[in-house]
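>>> Just a sequence and a predicted model for now, questions to come.
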Amino acid sequence: MPGTLKRSPLKRPERPYIALGLEGSANKLGAGIIQHDPDGSTTVLSNIRHTYITPPGEGFLPQDTARHHRQWIHSVIKDSLKQAGVGIQDLDCICFTKGPGMGAPLQSVALVARTLALMFNKPLVGVNHCVGHIEMGRQITGAQNPVVLYVSGGNTQVIAYSQQRYRIFGETLDIAVGNCLDRFARVINLSNDPSPGYNIEQEAKKGKKLLPLPYTTKGMDVSLSGILSATEAYTYDKRFSQSAEPSPENDTITPADLCFSMQETVFAMLVEITERAMAHIGSKEVLIVGGVGCNERLQDMMGIMARERGGNVFATDERFCIDNGIMIAQAGLLSYRMGSVTPLSETSCTQRFRTDEVHVAWRA
Amino acid sequence: MSEHVWHTVAITIPFLSEEDAQIAKLALDVDRELQPHAVKRVLEVQGNNLVAKLSTLTIRLARLSANAFLENVDLVVHTLDEFGTR
């Protein structure tokens, strides 16, 4: 396996390092503080999140989400400092999400990060959101060189590390898996609290029928928009009933059956492309990160596949799977310890920022 | 339209100190206008004041860019206020 024999370029810190991470690329606003110690250990000092929840049937729009972040960011940062028991002057660097994500929410959080950095004369580190997910997943699970499945509301990628880049093996050709699930939740009017994906997962447990949906993998890639349309089309079917009890006996189609069918089909596709990536690079580990990664059905299905290959699956719970500030602090601090700082003039955000653009200096 | 008439807006925002005004200027200056051909923004610090001069091609853009700018100033002022040592 590439990389496993080489020594890590990351030296042990000579003193404890502390970083603040600020995340706000979508509807979650997060602030987290992480500490790296001389003995090589990493401690999460605090991890605070505030989610912008929209009414059932509605998604979150960039301007409204930005307004939410502007309103809450100060109390979220204060809570994270208080819980960690540190002041801003104690920090080594302030890390923020540079992209990818929604422009207005990203920009609002970056502006606060910049203001704090100037007030307290601290260096800024811009972090790629996807790399943040991967580094936090590696840290929490201890996976050494896994194939990474990154599944969230905005991204669906199968990633493998090689020569200081996280390389994208496969990805969605149209919409992200979380987007597909969230939008279907809106179609059947599920609540967005705590998240549409969570409510789909609970609903799917009641489903009894597996309805045919367009299973679409193309090489290493997947296509999901057709599944969304096809599932939505079932809600106009004569057999569809919003209120009927799911039953294997009759031919009624219920929302629970649709949630179940959608999850099974979409997750089977994801397992397929992940398995292909594992075969390519010869890795036996899978790491699932991103908001959809806390879906236990996806973790189970991935676990079955990994066990059949003699490997295992690593996943984290909602604290670290769903967008959070601590992952930005973790990836940012790794980068900072390698001597990387983002100059003020380059701290603007970018909505498009691919995972493989980042030079992963801290890995061999 | 062969010749453009530029609409101009000047906004003066007083801060508690010149340092605060300077912080605001540096933090706000990083993000470029989304339509640089139609909106020009110049920031400078005069004493305790942050002075913004916006030039736009349409009146609508003058309103939009002034609004967006003030929202950002509001966020910076709040941050200075919440985390400032004074």
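Everything's here; your move.
>>> Up against chain A, what does chain B have?
Counting by C-beta under 8 Å from any C-beta of the partner chain, the residues of chain B close to chain A are B:23-24, B:26-28, B:30-32, B:71-72, B:74-76, B:78-80, B:82-84. No exception for glycine: its C-beta is placed from N, CA and C like everyone else's.
>>> Who are the packing partners of the longest helix seen in chain B?
Ranked by residue count under DSSP state H, the longest helix found in chain B is helix B:59-83. The contact analysis (3 or more C-beta pairs under 8 Å, 6 or more residues apart in numbering or on different chains; DSSP states H and E) places helix B:59-83 against helix A:62-84, helix A:103-120, strand B:7-14, helix B:18-29, strand B:39-46, strand B:49-56.
>>> Contacts for the third one next, please.
Strand B:7-14 has contacts (C-beta atoms under 8 Å, 6 or more residues apart in numbering or on different chains) with B:21, B:24, B:46, B:48-59, B:61-62, B:65-66, B:69-70, B:73, B:77.
>>> That one versus strand B:39-46: what angle between them?
Inter-element angle recorded for strand B:7-14 and strand B:39-46: 30 degrees (by axes from the mean of the first three to the mean of the last three C-alpha atoms, to 10 degrees).
>>> so what strands line up beside strand B:7-14?
strand B:49-56 (antiparallel) (DSSP bridges).
>>> For the strand it pairs with, buried residues please.
B:50, B:51, B:52, B:54, B:55, B:56 (16 or more other C-beta atoms under 10 Å in any protein chain shown).
>>> swap in stretch A:227-234?
Neighbour-count burial for stretch A:227-234 [16+ other C-beta under 10 Å]: A:227, A:228, A:230, A:231, A:234.
>>> which one among those residues gets closest to chain B?
residue A:228 (30.2 Å; C-beta to the nearest C-beta).
>>> which SS state does the closest one fall under?
helix (DSSP: H, G, I helix; E, B strand; the rest coil).
>>> Leaving out the residues flanking it, which one is nearest to it?
residue A:180 (4.9 Å; C-beta to C-beta, 6 or more residues apart in numbering or on different chains).
>>> cool, and residue A:39?
In space, residue A:39 is closest to residue A:12, 7.7 Å off (C-beta to C-beta, 6+ apart).
>>> Could you check how far the one you found is from chain B?
32 Å (C-beta to the nearest C-beta, to the nearest Å).
>>> Now do the closest residue to residue A:151 other than its chain neighbours, the pLDDT please.
Closest residue in space to residue A:151, ignoring its immediate chain neighbours: residue A:292 at 3.9 Å, by C-beta to C-beta, 6+ apart. With respect to pLDDT, residue A:292 scores 97.
>>> Kindly report the same for residue A:4.
Residue A:4 is given a pLDDT of 52.
>>> roughly how far apart are residue B:39 and residue A:110?
Residue B:39 sits 20 Å away from residue A:110, going by C-beta to C-beta, to the nearest Å.
>>> same thing with residue A:205?
For residue A:205, the distance to residue A:110 - C-beta to C-beta - is 40 Å.
>>> Same drill for the two, tell me which one is more crowded.
Between residue A:205 and residue A:110, counted using other C-beta atoms under 10 Å in any protein chain shown, the more crowded position is residue A:110 (24 against 12).
>>> For residue B:66, see how far away that one is.
From residue A:110 to residue B:66 the distance is 21 Å (C-beta to C-beta).
>>> show me the contacts for residue 17.
Because you didn't say which chain, this covers chain A. Counted by C-beta under 8 Å, 6+ apart, residue A:17 has contacts A:35, A:36, A:92, A:333, A:336, A:337.
>>> ah, I was thinking of chain B
residue B:48.
>>> So which residues of chain A form strands?
Along chain A, the segments classed as strands by DSSP state E run A:17-23, A:28-36, A:42-51, A:93-99, A:124-128, A:147-151, A:156-162, A:165-171, A:217-218, A:221-222, A:285-289, A:312-315.
>>> where's the first one relative to the chain centroid, distance-wise?
Between the mean C-alpha location of strand A:17-23 and the chain-wide mean there is a distance of 18 Å, by C-alpha atoms, centre = their mean, to the nearest Å.
>>> right, so the strands of chain A: which one is the most enclosed?
Mean neighbour count (mean count of other C-beta atoms under 10 Å in any protein chain shown) peaks for strand A:147-151 among these, with a mean of 30.
>>> Okay, buried residues for the helix ranked longest in chain A please.
Criterion DSSP H: the longest helix present in chain A is helix A:255-281. Neighbour-count burial for helix A:255-281, with 16+ other C-beta under 10 Å as criterion, is recorded at A:255-267, A:269-278, A:281.
>>> Could you give the average pLDDT over the longest helix of chain B?
Mean predicted confidence for helix B:59-83 is 97.
>>> contacts for it?
So helix B:59-83 is contacted by A:70, A:74, A:77-78, A:88, A:108, A:111-112, A:115-116, A:119-120, B:7-9, B:11, B:13, B:15-16, B:20, B:23-24, B:27-28, B:31, B:33, B:35, B:38-39, B:41, B:50, B:52, B:54, B:56 (C-beta under 8 Å, 6+ apart).
>>> switch to 7 Å and redo it
Helix B:59-83 is touched from outside by A:70, A:74, A:88, A:108, A:111-112, A:115-116, A:119, B:7, B:9, B:11, B:13, B:20, B:23-24, B:27-28, B:33, B:38-39, B:41, B:52, B:54, B:56, with contacts defined as C-beta atoms under 7 Å, 6 or more residues apart in numbering or on different chains.
>>> out of those residues, which are buried?
Counted by 16+ other C-beta under 10 Å, those give A:70, A:74, A:88, A:108, A:111-112, A:115-116, A:119, B:7, B:9, B:13, B:20, B:23-24, B:27-28, B:33, B:39, B:41, B:52, B:54, B:56 as buried.
>>> any idea how far residue B:53 is from residue B:70?
For residue B:53 relative to residue B:70 (C-beta to C-beta), the value is 14 Å.
>>> Just the pLDDT at residue A:198, thanks.
97.
>>> Near it, how many other residues are there?
The burial count for residue A:198: 20, using other C-beta under 10 Å.
>>> Spatially central residue in chain A, please.
residue A:290 (2.2 Å; C-alpha atoms, centre = their mean).
>>> Pretty sure it sits against residue A:154.
No - counting by C-beta atoms under 7 Å, residue A:290 stays clear of residue A:154, with 9.0 Å between them.
>>> contacting residues around the residue lying closest to the residue nearest to the centre of chain A once chain neighbours are set aside?
Closest residue to residue A:290 apart from its sequence neighbours, by C-beta to C-beta, 6+ apart: residue A:152 at 3.4 Å. With C-beta under 7 Å, 6+ apart as the criterion, the residues that contact residue A:152 are A:176, A:178, A:290, A:291, A:292.
>>> Repeat that for residue A:262.
Residue A:262 touches A:184, A:213, A:227, A:231, counting by C-beta under 7 Å, 6+ apart.
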